[in-house]
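Engineer: This is a predicted model, with the sequence first.
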Amino acid sequence: MYRVGVKRPLSAMHFFDVSGPEGEIHSHPYQVELVVAGDALDSKGYLVDIDLMTAALEAALERFEGKVLNDLTEFSGISPSIEHLSKIIWEIVMAQLKSVDRVTVIVWEDDDAWASYEAGADE
């Protein structure tokens, strides 16, 4: 299986319904990776055009850049965790990347902590 990936920064804020520092608005310098996987290459030898992947990821991240995630409709009724953020970004990106077998979105909260969401286009 072939895999192709791109990575972009995202700065956003959130808070959780807990006491302590996590209960106050705080910012994260996230790194978001988009990885596509598939068995077949196109006539150019590409799994997917990296420029298309980059544009899809950047368009998705624009929605969240500099925002408080809790205030956005995508997070209505759910925690602004990196798990949920990875799935929401996956959903936005999948609207752009229709010809790939599997897509993974990995959201790095810092150098040591990450969460991801992975599924196929038909799942």
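Structural biologist: Here it is on my side, so go on.
Engineer: Low-confidence ranges, this structure, go.
Structural biologist: Applying pLDDT under 70 to the chain flags no residue at all.
Engineer: what about the helices in it?
Structural biologist: With DSSP state H, the ranges of helices along the chain come out as 50-62, 82-94.
Engineer: Of these, which is nearest S27?
Structural biologist: S27 lies closest to helix 82-94 among these, at 13.5 Å (Cβ to Cβ). From N, CA and C alone the C-beta is placed, and that goes for glycine too.
Engineer: and the closest one with helix 50-62, angle?
Structural biologist: Taking axes from the mean of the first three to the mean of the last three Cα atoms, to 10 degrees, helix 82-94 and helix 50-62 form an angle of 130 degrees between their directions.
Engineer: What are the buried residues along helix 82-94?
Structural biologist: By neighbour count with 16 or more other Cβ atoms under 10 Å, helix 82-94 contains the buried residues 82, 84-90, 92-94.
Engineer: And for stretch 42-61?
Structural biologist: 47-48, 53, 56-57, 60-61.
Engineer: hmm, back to that, present the helices of the chain as JSON lines; the columns should include distance to E118.
Structural biologist: Output for the helices of the chain, formatted as JSON lines (distance: least, Cβ to Cβ, whole Å):
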{"stretch": "helix 50-62", "distance to E118": "15"}
{"stretch": "helix 82-94", "distance to E118": "8"}
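Engineer: out of those, nearest to E24?
Structural biologist: Nearest of the helices of the chain (Cβ to Cβ): helix 82-94, 17.5 Å.
Engineer: Alpha carbons only: can I get that closest one in CSV?
Structural biologist: C-alpha atoms of helix 82-94 as CSV (Å, rounded to 0.1, in the frame of the first residue of the first chain):
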residue,chain,number,x,y,z
ILE,A,82,-7.9,16.4,19.7
GLU,A,83,-9.7,13.1,19.0
HIS,A,84,-12.8,15.0,18.0
LEU,A,85,-10.7,17.6,16.1
SER,A,86,-9.0,14.9,14.1
LYS,A,87,-12.4,13.4,13.0
ILE,A,88,-13.9,16.8,12.1
ILE,A,89,-10.9,17.7,10.0
TRP,A,90,-11.1,14.3,8.3
GLU,A,91,-14.8,14.9,7.4
ILE,A,92,-13.9,18.3,5.9
VAL,A,93,-10.9,16.9,3.9
MET,A,94,-12.9,13.9,2.6
